[in-house]
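Participant: okay, here's the prediction I keep looking at, along with the sequence it came from:
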Amino acid sequence: MEAQVCPGCEEVNPAHARLCGMCRTALVADDAAGDGGKLVTVVTSDLKGSTALGEQLDPESLREVLNRYFAVMRVVFESHGGSIEKIIGDAIVAVFGLPFRHEDDPVRAVEAAAETQRALAILNDELEKLWGVRLVNRTGIATGIVHFGRDAEGQHVLIGETMDESTAMEQNAPAMEVLMAESAYREVRDLVEAQDMGPKSTKGSDLQIQSHRLVSVHSRAAEED
């Protein structure tokens, strides 16, 4: 049985678990998961230092800063053909391959992740002028099969090893960097420059996943020429 990710705290839990071992959120298997799953590329990005950010800003300013951040991230991911699976706290999960699949979804995901870093640099200049703050995030990418599940409220969520891999990459990514699991890297290796970062694991898991730090993405137009 595949592990599943808690919709409340994103901790990895056994597929047979009824409650998340960390936050006690109910985990419910979905009958729709019997379709064999969907091949997707998942991009998980999370902000670092949000607690300190909350101490610097009043609640209204903090809300405005986060709203601007998530709006920019959404535009970038959706412009590359991705869809936002969920936003929980400071984390955003984008999926490439649902509801529409493209043959180049892994490349689209990596290009989007790279662009989010450039977009955040521009946004940070604005935030620094207005509120005196700069945001720092880290991003993980993985490719593979996901299944549909339901959270305690009956909302559809994606579960499976690919979600776990993407989370593990995000948790281990350097600040303002993108870390790719081997599953994603092998799909895009001809179009990227990357640095081998060795095996990584998610919190509370012994699963070791080979990782690669994204250095740059080649222009596809240049490659075709």
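Facilitator: That came through, no problem. Numbers count the residues shown, from 1 in each chain.

Participant: please, where are all the helices along the chain?
Facilitator: With DSSP state H as the criterion, the chain has helices at 50-56, 59-79, 105-131, 161-172, 182-188, 220-224.

Participant: can I get the ones you listed in a markdown table with mean pLDDT?
Facilitator: Below are the helices of the chain laid out as a markdown table (pLDDT from 0 to 100):
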| stretch | mean pLDDT |
| --- | --- |
| helix 50-56 | 86 |
| helix 59-79 | 95 |
| helix 105-131 | 97 |
| helix 161-172 | 94 |
| helix 182-188 | 97 |
| helix 220-224 | 65 |
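
Participant: quick one: closest of those helices to Gly144.
Facilitator: Closest to Gly144 of these is helix 161-172 (Cβ to Cβ; 3.6 Å). For the C-beta atoms, the positions are set from N, CA and C on the backbone; glycine is no exception.

Participant: mind giving me the packing neighbours of the closest one?
Facilitator: On a contact count with 3 or more Cβ pairs under 8 Å, 6 or more residues apart in numbering; DSSP states H and E, helix 161-172 meets strand 4-5, strand 38-48, strand 91-96, strand 136-151, strand 178-181, strand 192-200, strand 209-217.

Participant: what does it rub up against?
Facilitator: With contact meaning Cβ atoms under 8 Å, 6 or more residues apart in numbering, helix 161-172 is reached by 2-5, 10, 12, 40, 42-46, 91, 93, 138-146, 179-181, 183, 197, 200-203, 205, 207, 209, 211.

Participant: centroid residue for this structure?
Facilitator: For the chain, Thr44 is the residue whose C-alpha lies nearest the centre (Cα atoms, centre = their mean; 0.7 Å).

Participant: gap between that residue and Val178?
Facilitator: Distance of Thr44 to Val178, computed by Cβ to Cβ, to the nearest Å: 10 Å.
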